[in-house]
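> Can you look at this prediction? I've put the sequence above it.
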Amino acid sequence: MSAPAANDALPRYRPLAFGVTRGVLREGAPGVRYLEAETPLEPYGEHITHRLLHWADVAPDRTFIARRERLADGSTGDWIHISYAQALEKARRIGQGLLDRGLSAERPVAILSENSLEHALMVLGCLYAGVPHCSVSPPYSIVSQDYDKLRHVLATLTPGLVFAGDEKRYGRAIREAVGLDIEVMLVEGHIEGRHCTCFADLLATEPTPAVDAAMRATGPDTITKFLFTSGSTKLPKAVINTHRMWCANQQQLRQSIPALMDEPPVLVDWLPWNHTFGGNHNVGIVLNNGGSLYIDDGKPTPALIGETLRNLREIAPTVYFNVPTGFEAIANAMQTDAQLRKNLLSRVKMFFYAGAALPQPVWDSLHRTQEAEIGERIVMGTGLGMTESGPFALYITGPQVSSGDLGLPTPGLSLKLVHTDGKTEVRYRGPNITPGYWRAPEATAEAFDEEGYFCTGDAVAWIDPGDIHRGLRFDGRIAEDFKLATGTFVSVGPLRAKVIAAGAPYVQDAVLTGLNMKEVGALIVPTQAVRKLAGLAADAPMKAVLESPAVQAHFQGVVDQLAASATGSASRIARLHLMSEPPSIDKGEVTDKGSINQRAVLHHRAAMVEALHAGVLPFTILPRPASA
C-alpha cells in the first residue's frame with residue numbers, strides 16, 4: 001500500500017492482535033546475521049492426533065469438516081457434516097484396516113483425490129495408525145497425459161495402498177501408472193479387469209486395542225506424510241513431514257496470530273491438500289484449534305469461482321485464505337454482490353494470501369469495499385514459508401502491510417541471513433523444519449548448510465533498515481535472478497511484481513528473460529479478463545484475443561509505463577510477449593495453486609525466449625520512444 005499523506009489519518013482496521021512485534025538480531029561471520037523473534041516458543045504436543053482426541057472429548061458434536069453433497073448432474077447440494085466424535089470413530093476404523101494391511105513408511109498410502117470428506121477421513125485414519133500418507137497432486141492424474149510425474153511419485157513412495165476418489169476421474173491414471181501388485185481402493189466405481197477394494201468396506205472395519213496402541217506409539221519423529229515439491233526442471237522431491245514439524249508449526253501459528261485462539265476458527269477453503277498451504281497450514285489450524293473446515297469445491301477460475309462465491313454468501317469464515325487470483329475474483333464480485341459483502345465481512349478477522357504477489361489494484365479494491373460496508377479494513381496477512389518449513393515461517397508485525405512484506409520469524413525459528421552476490425538469502429533452523437527428503441540423501445545433504453540451516457533460495461531485504469522490528473520483505477528467488485550480457489544484475493522478484501501490477505487485472509504472471517542477453521524481456525501469462533477487454537466472444541481463440549486492438553493498446557501502455565519508470569537496463573522491459581499457449585502442468589510450469597514456475601517456463605520455452613530477443617516472435621510489444 002502507498003503510505004498515507006502526512007496530514008491523513010491512518011486507516012482504521014478491524015482489531016487483530018500480532019504476537020511477534022520485536023526481533024533479536026545478532027552478528028555472525030562476515031556477511032552473516034541471525035534473526036529470531038523476541039518471543040520464545042511455548043510448549044507444544046508430541047503428535048497432532050492428540051488434538052483430534054481432545055476435541056472429540058470436549059466438543060464431540062462440533063463440525064470438524066463439511067462438504068456439499070455431490071449431485072448426479074455434477075452440481076452441489078446441501079452441506080454434509082462430520083463432527084469431531086464421528087471423525088475419531090471413523091479414524092479408528094480406518095486405522096485398524098491399515099494396520100491389518102501391514103502398511104508403514106516403506107509401504108505408505110498414496111491418495112489420488114481432490115479435497116473430500118473421504119480424503120479427510122483417510123488422512124485421519126493414517127495419522128491414528130501411524131501410517132504415513134501422501135496426497136498426490138490431482139493434476140498428475142486427471143490433467144496429465146503422460147503420467148510421468150505420477151509414476152515418479154509412486155516409484156519414490158512404493159505405496160502399499162493407492163486410495164482414489166472415483167474411477168471416472170482417476171481410473172485411467174491407475175490403469176496406466178499403478179502396478180497390479182498394489183492394492184487399489186475406490187470411493188466410487190470399479191476398474192474393468194482389476195480387483196479394487198471399496199472404501200465403505202474399510203469404514204466397516206471393527207477397531208481393536210491394537211489401533212489405539214499404534215496411536216500411542218507415535219511420537220515427534222513419526223512421519224505423518226510426504227509432500228512433494230512442485231519441481232521445476234527436475235522431478236519433484238518428497239518432503240518428510242513429522243508430528244514434531246506439524247505440532248511445532250501450529251504452536252508457532254497460534255503465537256504469531258493469537259486470533260486463532262479467540263474462538264474456534266471457521267474456514268471456507270479450496271486450497272489443495274497435496275500442498276502444504278492447504279494440507280498442513282489450513283487443515284492444521286482447524287484441527288489444532290477445534291475449528292470447522294468447509295470444503296469449497298470452487299476455485300479461482302472462470303468456471304468454478306461461482307461455487308466459491310456461493311459458499312461465501314452462506315458460510316461466514318473467521319479467517320480467510322486464498323491466492324491472489326482468488327482475491328481478485330472476490331474483490332470484483334463484492335463490488336456488486338451485497339450478500340457476499342455482508343456475509344464474508346461479517347466476522348472475518350483476517351484475510352491471508354500466499355503463492356504470488358497480490359496486485360495493488362486488488363488490494364485497493366478490497367479495502368474500498370470493506371470501508372464502505374463495515375467502516376474499517378480487514379488486515380491482509382502475509383508472510384513467507386515453504387513445504388520444508390511446515391510451512392509457516394515469517395509473518396507480518398502489524399496491520400500496515402505493503403505487497404512483499406514478510407515480517408519477522410515465528411517463535412522458535414532461527415533465520416540465518418547470508419549476504420552473497422548482492423542479495424541476502426534467508427535460511428531456516430527450528431523444530432518446524434523437515435529432516436529431509438525421502439529416499440534422497442544427496443538432495444537432503446545439499447539442502448542444509450554446515451550449521452544445519454535449510455537453504456531456502458529466497459532473498460530478503462529489510463522493510464526499514466533503520467528498524468529491524470518491522471521485519472523483512474521479499475526480494476525474489478535467488479535462482480531466478482540473472483545477469484545481462486553487460487554484466488548487469490537483474491533482480492527478478494521486484495521487477496516481476498512491478499510488471500504484474502502495471503498490467504493488472506490482465507496479467508496472471510510474468511516470466512522475465514534476458515540471461516546473457518543485452519536487455520530484459522517478459523513473457524506475459526494473461527488472465528481470462530483479457531477476453532472481456534478484447535470484446536470478443538467467450539470462446540474466441542486466444543490468438544484472436546491477443547491481437548485485438550484493445551488488448552494491444554492496453555499492453556502497449558503497460559510496456560511504455562514500465563519503460564518510463566525504469567532506472568536502467570536491469571529494470572527496463574525492452575520487449576513484452578503475450579503468451580497464447582497456457583503454461584503446462586505436465587511440464588511443471590504451473591502449480592496446483594495456479595502460480596507460475598519461472599525456471600520451468602524458461603527451460604521448456606527456450607526457443608520462444610530466443611525468438612523473443614531475436615525480434616521474430618508474434619504478439620511482442622516494444623516500448624515506444626519517450627517522445628511518441
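Done, it's in.
> now stretch 511-530: how far from the chain's centre is it?
Here stretch 511-530 is found 23 Å from its chain centre; the criterion is CA atoms, centre = their mean, to the nearest Å.
> What residues of that stretch count as buried?
511-514, 517, 519-530 (16 or more other CB atoms under 10 Å). Bear in mind the C-beta positions are built from the backbone N, C-alpha and C, glycine included.
> Where does pLDDT dip in the stretch 451-600 of the chain?
In the predicted model of the stretch 451-600 of the chain, residues 592-594 satisfy pLDDT under 70.
> scratch that, the stretch 301-450 of the chain is what I was asking about
For the stretch 301-450 of the chain, the stretches flagged by pLDDT under 70 are 355-356.
> if we go to 90?
Along the stretch 301-450 of the chain, the parts satisfying pLDDT under 90 run over 301-303, 323-325, 328, 354-363, 402-404, 420-422.
> Would you map the helices across it?
Listed in chain order, the helices of the stretch 301-450 of the chain (DSSP state H, counting those that start in this stretch) span 305-314, 324-334, 338-344, 360-374, 441-447.
> got it, and the stretch 101-250 of the chain?
117-129, 139-142, 148-157, 167-177, 199-203, 209-217, 243-256.
> can you redo the ones you listed as CSV with mean neighbour count?
As requested, the helices of the stretch 101-250 of the chain are arranged in CSV below (neighbours: other CB atoms under 10 Å):
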stretch, mean neighbour count
helix 117-129, 25
helix 139-142, 21
helix 148-157, 20
helix 167-177, 18
helix 199-203, 16
helix 209-217, 15
helix 243-256, 25
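> Where do the domain boundaries of this structure fall?
49-255+270-278, 385-478, 481-621 (automatic domain parsing).
> Now the ones you listed in JSON lines, please, with extra columns for distance to residue 262.
JSON lines is the format used below for those (distance: least, CB to CB, whole Å):
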{"stretch": "domain 49-255+270-278", "distance to residue 262": "11"}
{"stretch": "domain 385-478", "distance to residue 262": "16"}
{"stretch": "domain 481-621", "distance to residue 262": "28"}
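> residues in contact with the nearest residue to residue 325 once chain neighbours are set aside?
With CB to CB, 6 or more residues apart in numbering as the criterion, residue 325 has its nearest non-adjacent residue at 4.3 Å, and that residue is residue 300. The contact partners of residue 300, taken as CB atoms under 8 Å, 6 or more residues apart in numbering, are 270, 308, 322, 323, 325, 326, 328, 329, 594.
> all strands of the stretch 501-628 of the chain, in order?
Here the stretch 501-628 of the chain has its strands, by DSSP state E, counting those that start in this stretch, at 507-513, 520-526, 573-578, 620-621.
> Output stretch 44-57 as PDB, nothing but the C-alphas.
Taking Å, rounded to 0.1, in the frame of the first residue of the first chain, the C-alpha atoms of stretch 44-57 are listed here in PDB:
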ATOM      1  CA  TYR A  44       3.600 -28.000  22.000                       C
ATOM      2  CA  GLY A  45       2.300 -31.500  21.700                       C
ATOM      3  CA  GLU A  46       4.100 -34.600  20.600                       C
ATOM      4  CA  HIS A  47       1.600 -35.600  17.900                       C
ATOM      5  CA  ILE A  48      -1.300 -33.900  16.100                       C
ATOM      6  CA  THR A  49      -3.600 -36.800  16.800                       C
ATOM      7  CA  HIS A  50      -3.900 -35.600  20.400                       C
ATOM      8  CA  ARG A  51      -5.900 -32.700  19.100                       C
ATOM      9  CA  LEU A  52      -8.400 -34.900  17.500                       C
ATOM     10  CA  LEU A  53      -8.800 -36.900  20.800                       C
ATOM     11  CA  HIS A  54      -9.100 -33.600  22.700                       C
ATOM     12  CA  TRP A  55     -11.800 -32.000  20.600                       C
ATOM     13  CA  ALA A  56     -13.800 -35.300  20.300                       C
ATOM     14  CA  ASP A  57     -13.900 -35.200  24.100                       C
END
